[in-house]
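> mind folding the following:
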Amino acid sequence: MQEGMIQIGKTLMNDGSSILDNLITELAPVRRDAKGNELQLYMLKFDFSTDECRVSVDVNEQMSENSARRYCYIGSAPGANSKQWYCTSGNSFYHLSETIPNLCELDLGDELNSKLTFIRDTYFVDLGEDFKSNKNRYTFHVGLLSNDNYDIKAYRDTLRDLPEKEQKALLKKEVTEAFDQYLAVHYGMKLQKNFGLFTILIDAEPLCEREEYKAAILKEKEGTSGKQDNKKNLIEGHCYNCGTTTQLRDDIIIEIKSYTTNLYGFASGVDKKNYRKNMLLCQDCLNAYLAGEKYVKNNMNLSLARFHVYLYPHFIWGEPLDREGLDIICDRIKHKFKTISNVETVQQLKESIDDELAYQEREDETCYSINLIFYKQAQKATKIQRFIKDVAPSRFDFIANCLDRTQDLYLRLLGGRTDRTILNLRMIYYLMPIRLDEKNEAREFRNLLGLYDAILSGKLLKKQYIIRNLNACAKVIYYEEKGFNISGSELEATVVRGTALLKFLEFMQLIKGGVEMEVKSLHCGDELKEFIREMGYKQEEAALFLLGTLMGTIGVEQYKRTKNTSSKNKPILNKLNFGGMDKNKILRLAGDVFAKLKQEKLLESKTELIYSDFTELCTPQLSNWGLSKEENLFCILSGYSYTTRKAILGKKKENGGKENE
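Next up, the predicted model:
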């Protein structure tokens, strides 16, 4: 993982740019509101005077694509408990509380330190040593802006009987709301709505332009931790990346941390004192890593369903010589990933495949693999959920082609809209039941990320494992269980897409496909025979699929009476055990289905022939049944969903192509 980041960083620094230039966090100058409308963002500048007791805010500058670079925005200090002292921030509260006091603790030269101390003592209120952190001890004196009698100390006194944690939360809310109200009254603007960046000026000069400030950033980022004697941070050993023995650093501060620092079993010699020896970088490789890491965060930060993903190349040979070449390769990687993840239309999928074929006809002088990091942002820490390494770019093309094959097959077998895809990697997220937390984020994600890993890396899967998860989806949907990623989905659509997933994995050669059975002797009709043949069903699977189609026929009739699309209003599904169907339950179900066909007056020539085929296929296998109870259930659900989907599409045609179930 580290080598790929360093390769990117060295490419960026080949053009002579400084390490600071490559640490900028890029920001969009606009934001979308709840209705999807673009909203222009502004800079908010705190201008502190040291010649007189005067502070002002400037809200007139619109943000542009260059704002983050102009005001040296490098994000926030890494780590949840790190002191925030960067003078340009995306969070206004840092400047309303701790930024200035934390800057006072740095060695920025006598002149600048004197000004910062004056600002802290003049424009900030000290709430007392009871609060150990500057974040809570100091607060901006909002009353100086509006010349009123706003007294935060008096408010703090009213909170002294509360627990410290409650005091901190209430004080933060009070100061933020007071400042927000000032902006609303005087400028008609709101912190969260109108502003994207906040920066500090001293005597009308941006602090970010001061050389002392820039030097402090480099001291921190290059591993000196703000110390004056750099030699104290240099140790003996070998650079993890290049092997050099000079200028080695172990005090590495990075944002995407791929190694552990709290499990002694991974420490050198199983000694916690030697832990840092496992990750040493020389100064050049450290600077390159920092630059590469920021490039990945700025340019290669994508999403897959509700997961965040960093992906980036690891060059085996033919590294790009400049930023332009790197951008071209990374844009191609993003395009490939977006195609297999989020493509919605058949036309987009086919165009992407054609574009890739055209690209491959041109000479390509680089060879690289792709690393993917699934991560979750927890406060200021980047928690890696799954690291998938060394994926060949051609794997993305293979996935796209298998998705295309799946699409063509299902259009032929089931029909439906010819412009919409039946499956992509994002849709797979809704085929694995995952519990969500109160923020609607995945709590149980390992199974799904394991499936993505297998698809991307070519690892074999067990078909029973996939079917078990698809059945669990059906159970959640049928019983309308809450708190899952699939809550509120439709049973028929989920099962149809589940059968498509199985075919896709078969095309990907990740699960073993079935052997096509002889269907000529069946009497169920050409469409059903073709489906059975294409799915590679063996006799037991074909029998249960046909039984499921009869349940679907009954379900359609029951729907017509209630006009309610919920599967709960189709009583025939009550005959299923969503925990699995063993052989005895199947036989009872077959009897119930036959009786229900007679009751609903559906026992006609077509349904009689289907039931006859079911009997002829099922009976000889009873003594040596080869399917698990989970497979039995899914085959029945597949048949039910097949018939239901056909009925929906037939009704749609009757209504002139309008969506109508």
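> show me where the stretch 501-650 of the chain has its helices.
Ranges of helices in the stretch 501-650 of the chain, per DSSP state H, counting those that start in this stretch, are 526-535, 539-562, 583-599, 605-618, 629-654.
> mind giving me the packing neighbours of the helix or strand encompassing residue 39?
Per DSSP states H and E: residue 39 is located in strand 38-40. Contact partners of strand 38-40 among helices and strands, from 3 or more Cβ pairs under 8 Å, 6 or more residues apart in numbering; DSSP states H and E: strand 30-32. Heads up, the C-betas are built off the backbone N, CA and C, glycines and all.
> state the mean pLDDT of the strand it packs on.
In this model, strand 30-32 has a mean pLDDT of 91.
> list the strands paired with it, with their directions.
strand 38-40 (antiparallel) (DSSP bridges).
> what sits against residue 434?
By Cβ atoms under 8 Å, 6 or more residues apart in numbering, residue 434 lies in contact with 442, 443, 444, 445, 447, 448, 484, 485.
> count of residues packed around the second one?
Which is residue 443. Counted with other Cβ atoms under 10 Å, the neighbours of residue 443 add up to 11.
> so who does it touch?
Counting by Cβ under 8 Å, 6+ apart, residue 443 has contacts 434, 435, 436, 437.
> pretty sure the third one sits against residue 481.
Going back to what we said before, that points to residue 436. No - here residue 436 does not reach residue 481: they are 11.6 Å apart, not a contact under Cβ atoms under 8 Å.
> looking at those two, which is more packed in?
Between residue 436 and residue 481, residue 436 has the larger neighbour count (other Cβ under 10 Å), namely 16 against 13.
> picking that back up, are any of the contacts of residue 434 buried, and which?
Buried by 16 or more other Cβ atoms under 10 Å: 442, 445, 448, 484, 485, out of those.
> okay, now the unreliable bits of this protein?
The chain contains residues with pLDDT under 70 at 79-80, 223-234, 258-278, 357-366, 379-380, 416-418, 563-569, 651-661.
> now do the domain split for it, please.
2-19+222-289, 22-218, 321-372+389-513, 517-661 (automatic domain parsing).
> quick one: which of those is nearest residue 302?
For the domains of the chain, the distance to residue 302 is smallest for domain 321-372+389-513, at 6.2 Å, taking Cβ to Cβ.
> how distant is that closest one from the center of its chain?
Put simply, domain 321-372+389-513 sits 14 Å off its chain's centre (Cα atoms, centre = their mean, to the nearest Å).
> that domain: end-to-end distance?
45 Å (Cα to Cα, to the nearest Å).
> again, but for stretch 482-489
Stretch 482-489 has an end-to-end distance of 11 Å (criterion: Cα to Cα).
> which residues touch it?
Here stretch 482-489 makes contact (Cβ under 8 Å, 6+ apart) with 306, 429-436, 442, 473, 476-477, 480-481, 494.
> and those residues, which two are furthest apart?
Largest separation among the contacts of stretch 482-489 by Cβ to Cβ: 306 and 480, giving 21.0 Å.
> neighbour count for these two, which is higher?
Between residue 306 and residue 480, counted using other Cβ under 10 Å, residue 306 has the larger neighbour count: 14 against 11.
> my guess is the more buried one meets residue 442, correct?
Yes - between residue 306 and residue 442 a contact is recorded at 6.1 Å, counting by Cβ under 8 Å.
> dump the residue contacts of the nearest residue to residue 133 once chain neighbours are set aside.
Leaving aside its chain neighbours, residue 133 sits nearest to residue 98 (7.3 Å; criterion: Cβ to Cβ, 6 or more residues apart in numbering). Counting by Cβ under 8 Å, 6+ apart, residue 98 touches 83, 84, 85, 133, 134, 135, 138.
> only whichever of these are buried, select them in PyMOL.
Here is the PyMOL selection string for the buried members of those, based on 16+ other Cβ under 10 Å:
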select buried, resi 83+84+85+134+135+138
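> just the ones of the contacts of residue 98 in strands?
If you go by DSSP state E, the contacts of residue 98 have residue 138 in strands.
> which of the contacts of residue 98 fall within helices?
Among these, the residues falling in helices (DSSP state H) are 134, 135.
> any chance of the contacts of residue 98 in a markdown table, with distance to residue 60 too?
Listed next are these as a markdown table, based on distance: Cβ to Cβ, whole Å:
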| residue | distance to residue 60 |
| --- | --- |
| 83 | 30 |
| 84 | 25 |
| 85 | 26 |
| 133 | 33 |
| 134 | 30 |
| 135 | 29 |
| 138 | 27 |
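> nearest to residue 330 among the contacts of residue 98?
Distance to residue 330, by Cβ to Cβ, is smallest for residue 84 among these, at 30.3 Å.
> which strand or helix spans the closest residue to the closest one other than its chain neighbours?
Once flanking residues are discounted, residue 84 sits nearest to residue 94: 4.5 Å by Cβ to Cβ, 6+ apart. Per DSSP H and E: residue 94 is located in helix 92-96.
> how about residue 376?
Assigned by DSSP H and E, residue 376 belongs to strand 367-378.
> may I have the strands that pair with that strand, each with its orientation?
strand 307-317 (antiparallel), strand 381-391 (antiparallel).
> ranges for the strands of the stretch 201-350 of the chain?
Taking DSSP state E, counting those that start in this stretch as the test, the strands found in the stretch 201-350 of the chain are 205-206, 234-235, 248-249, 281-282, 301-304, 307-317.
> so where do the helices sit in the stretch 301-450 of the chain?
Assigned by DSSP H, counting those that start in this stretch, the stretch 301-450 of the chain shows helices spanning 323-342, 346-360, 393-414, 425-428, 446-457.
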